[in-house]
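S.K.: Sequence first, predicted model second:
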Amino acid sequence: MLSLAYPWLALSLPLPLLVYWLLPAHAESRPGVQVPFFSRLVALTGQQPHAGVVIGRRGIWRTIVVCVSWGLAIAALTRPQWIEPPIHHDTPARDLLLLVDLSGSMDTVDFTSALGAKIDRLSAVKQVLDDFLTRRKGDRVGVVVFGSSAFTLVPFTSDLELCRMLLRETQVGMAGPRTVFGDAIGLGVNMFASSTVSAKTIIALTDGNDTASSVPPAQAALIAKDHGIVIYTVAIGDPTAAGEDKLDEAALRDVASATGGGYYRALDRDELAKIYGRLDTIVTRKVDTVTFSPKTELYWLPLAALTLFSMLARASRLVRWPRRREVAAPI
């Protein structure tokens, strides 16, 4: 579609006519022929001499050249543009952070794979998370792993294939044997500090209780709430276990409820998959749709036509066209 960036400049098209009508013509004084018998000429012709000037007249060809050049100049100044069909671009409006427990208890073989084989907890988590990430297209996802310390495995990115690949490479104990759930939440809050989106979500998965964090999980949850972060906790540990391997369900519930999230507990892989299925419907994908129409500038077309036309007009004045000779008819 053709459009003009400055269509109001077209109002200046009749400006030369206004100047022609309203302003006096350019007057140029020229010396006349002086004769000693000027008074006798006046008496013989019966005319009364007056002081005057010569007003030059423009021919039809020069008038056409000026009008066309002015029109092309105004056409270029209005900045014509060709607007392409609109393009829609979806940008993520949610940042999703996964907290994955890699403590020693995640090596416990008490889950069943999709093929029916016995697998450890971390292997089941990686299978379920891999499927979960395939359905998060359009979100920015980050991954934090924690054990005795918390580490950023993947900063926020839209490259979900990278998240899936690095999650497959995780191993039990690579972050230490203990569980610092509170520090993992604190690291997540720091990662969200540079986020500009409005929807910020943490999904935390752990199978133990927090015994080594410098910031208790409940306090870290309150800090997350102040930053507008919602935390969903998924517990896969054994609440009847003792020591480091015992699951602190109360702490996980408190963290989730403090931020307006939810608490879930999975006893096997199928239940874990159902939990992430529910989270997939709760934590829906959010996008901001940006629409823009590409524009192709066309101002150079009338400008080029003006240049070419003025050059041709100038060349036509320099060329002397031969006149047709008249031949007298024979008598």
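M.R.: Received the coordinates, thanks.
S.K.: Kindly format the C-alpha coordinates of stretch 151-158 as CSV.
M.R.: What follows is stretch 151-158, C-alpha atoms only, in CSV (Å, rounded to 0.1, in the frame of the first residue of the first chain):
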residue,chain,number,x,y,z
PHE,A,151,24.7,-22.7,40.7
THR,A,152,23.2,-21.2,37.5
LEU,A,153,23.1,-24.0,34.9
VAL,A,154,21.3,-22.0,32.2
PRO,A,155,20.5,-18.3,32.4
PHE,A,156,17.2,-17.1,31.0
THR,A,157,17.0,-18.0,27.4
SER,A,158,14.5,-18.8,24.7
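S.K.: centre of the chain versus that stretch, how much separation?
M.R.: 22 Å (CA atoms, centre = their mean, to the nearest Å).
S.K.: Go through that stretch and flag the buried ones.
M.R.: 153, 154, 156 (16 or more other CB atoms under 10 Å). C-beta: built from backbone N, CA, C; applies to glycine.
S.K.: Show residues contacting the host helix or strand of the second one.
M.R.: To tie it back to what came earlier, the one meant is residue 154. Taking DSSP states H and E as the criterion, residue 154 maps to strand 150-157. With contact meaning CB atoms under 8 Å, 6 or more residues apart in numbering, strand 150-157 is reached by 95, 97, 100, 140-145, 162-163, 166-167, 170, 175, 180, 183-184, 186-187, 191, 195.
S.K.: Now do it: distance to the chain's middle.
M.R.: So, by CA atoms, centre = their mean, the centroid of strand 150-157 is 24 Å from its chain's centroid.
S.K.: Output the below-cut-off pLDDT ranges for the protein.
M.R.: By pLDDT under 70, the weakly predicted segments of the chain are 25-33, 49-58, 88-93, 138, 208, 237-245, 282-292, 318-331.
S.K.: quick one, strands of it?
M.R.: 2-4, 80-83, 87-92, 94-101, 111-112, 118-119, 140-146, 150-157, 199-206, 229-235, 263-265, 287-292, 295-297 (DSSP state E).
S.K.: And those: which comes nearest residue 305?
M.R.: strand 80-83 (11.9 Å; CB to CB).
S.K.: packing partners for that closest one?
M.R.: strand 2-4, strand 295-297 (3 or more CB pairs under 8 Å, 6 or more residues apart in numbering; DSSP states H and E).
S.K.: Pull up the pairing partners for it, direction included.
M.R.: If you go by DSSP bridges, strand 80-83 pairs up with strand 2-4 (antiparallel), strand 295-297 (antiparallel).
S.K.: Determine which stretch of these is the most buried.
M.R.: Most buried of those, by mean neighbour count (mean count of other CB atoms under 10 Å): strand 2-4, with a mean of 13.
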